[in-house]
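Q: Build me a model:
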Amino acid sequence: MVTVCILTELEKYRSVIPFKNPGGMGTNVPMVVRELERQGVRVLLNDPKGDYDVLHIHSPLPNSFMMALKRKLSGKPLILHGRHLPELIKGGFVGGSLFYPFARAYSVIFYNLATVVVGATPYVAKSLGRDGVKRPFRIIPNGIDRQVFRRDPVRGAAFRDRLGIGSSDALVLSVGLRIPRKGVDTFVNMASKFSHREDVKFVWVGESEMLLEDALDDVPPSNVIFPGHVPFEDIVGVYSSADVFAFTTRAESYGNVMLEAASCGCPLLIRDIPVYEEWVVDGEHCLKARDEEDFAVKLDKILSDPVLKSDLERGAAKLAEEHDIAKAAGMLKDLYESLASGGGIE
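A: Numbers count the residues shown, from 1 in each chain. Predicted coordinates:
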């Protein structure tokens with residue numbers, strides 16, 4: 001049995017910054033750990049002092065950098081997970097654009113310590129490769145636990161009741177940090193084009209956090225409901241309330257919320273950005289839009305065409321199935337076993 005130490009350092013984050021939203025890393029990694037253990041991998045989560053074959057680091061924090069450097073010098077297998085692309089700090093962290101050159105240089109040094117860099121999408125490898133990362137890459141999706149993310153009409157109705165949204169209204173949802181990079185302005189401007197439609201409601205779940213920009217400082221909320229943060233244990237009810245999931249983000253390394261919504265039966269309307277070019281197919285898994293005008297036009301098509309909406313629901317379910325967490329964990333297990341046995345990386 002292969003043993004791996006998976007390191008996120010989330011508790012170290014939380015001891016410094018009392019955040020509410022643990023992000024995709026905080027919600028996805030524990031599910032992956034459970035699936036790895038189900039498949040026969042022994043996992044030490046955030047226990048780097050234990051005995052293990054492979055160290056798998058998910059965070060580029062300074063403490064993780066020192067552990068990665070020590071592991072590199074020991075010659076033992078080290079996986080660094082490309083979750084935090086340098087470009088993602090722009091439009092998110094306060095002063096992110098000014099900090100970006102440092103983050104980029106730091107990331108190149110950090111990821112070049114790895115035996116292999118894991119990326120959830122081909123875009124991660126391309127982005128880090130352009131920056132100067134020379135280590136081998138392995139593309140392994142984050143994966144979605146379709147047993148957890150299943151549509152629940154009762155919880156969906158309860159969320160609608162909480163917001164005063166009727167069962168016959170169309171609810172257009174987005175979920176994510178309320179920061180500029182996530183495209184809050186696009187979502188709000190799209191919603192404003194439906195201000196004459198009292199039967200269409202727009203909801204953005206999520207809020208900003210300490211040290212992050214808040215998009216609402218520059219964008220009036222218009223006719224969008226912003227209920228703030230919803231705890232992860234209640235998020236299935238949020239997805240289950242939606243008729244359409246609109247993902248207006250301008251940059252991602254993967255986009256866990258999109259897969260969560262897809263698994264919960266939401267048709268997807270997403271921004272046409274490079275990260276989704278090679279694995280999310282326009283017209284099959286979703287509809288893609290370029291700008292707020294395009295978002296509004298395509299949203300109207302979805303809302304007015306029940307056949308299209310049903311087709312997109314099936315396409316979203318197919319996308320979730322293609323990224324099932326069991327497949328992702330199996331790919332990780334194979335990688336761990338190969339590294340532990342001294343196998344090379346192609």
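Q: Which stretches in the stretch 151-300 of the chain count as helices?
A: Remark: helices assigned in the stretch 151-300 of the chain by DSSP state H, counting those that start in this stretch are 153-163, 184-192, 235-240, 256-263, 292-304.
Q: Equivalent analysis for the stretch 1-150 of the chain, please.
A: 10-16, 23-38, 62-74, 96-111, 122-131.
Q: nearest to residue 236, of those?
A: Evaluated with CB to CB, these place helix 23-38 nearest to residue 236, the distance being 11.8 Å. Any C-beta I mention is one placed from the backbone N, CA and C, and that applies to glycine too.
Q: thinking again about what came up before, need the helices of the stretch 1-150 of the chain in JSON lines (columns: distance to residue 85 and mean pLDDT).
A: Below are those laid out as JSON lines (distance: least, CB to CB, whole Å; pLDDT from 0 to 100):
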{"stretch": "helix 10-16", "distance to residue 85": "18", "mean pLDDT": "59"}
{"stretch": "helix 23-38", "distance to residue 85": "12", "mean pLDDT": "90"}
{"stretch": "helix 62-74", "distance to residue 85": "16", "mean pLDDT": "94"}
{"stretch": "helix 96-111", "distance to residue 85": "8", "mean pLDDT": "92"}
{"stretch": "helix 122-131", "distance to residue 85": "5", "mean pLDDT": "96"}
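Q: Tabulate those in CSV, adding columns for distance to residue 82 and mean neighbour count.
A: Below are the helices of the stretch 1-150 of the chain laid out as CSV (distance: least, CB to CB, whole Å; neighbours: other CB atoms under 10 Å):
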stretch, distance to residue 82, mean neighbour count
helix 10-16, 17, 13
helix 23-38, 12, 19
helix 62-74, 13, 15
helix 96-111, 7, 16
helix 122-131, 4, 18
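Q: between these, which gets nearest to residue 259?
A: Comparing the helices of the stretch 1-150 of the chain by CB to CB, helix 23-38 comes nearest, at 9.3 Å.
Q: what's the closest one packed up against?
A: In terms of contacts (3 or more CB pairs under 8 Å, 6 or more residues apart in numbering; DSSP states H and E), helix 23-38 is packed against strand 3-7, strand 42-45, helix 256-263, helix 325-340.
Q: Deepest-packed of these, please.
A: Comparing these by mean neighbour count (mean count of other CB atoms under 10 Å), helix 256-263 comes out on top with a mean of 27.
Q: Please name every helix or strand in contact with it.
A: Helices and strands touching helix 256-263, as assessed by 3+ CB pairs under 8 Å, 6+ apart, comprise helix 23-38, strand 170-175, helix 235-240, strand 244-247, strand 268-271, helix 306-322.
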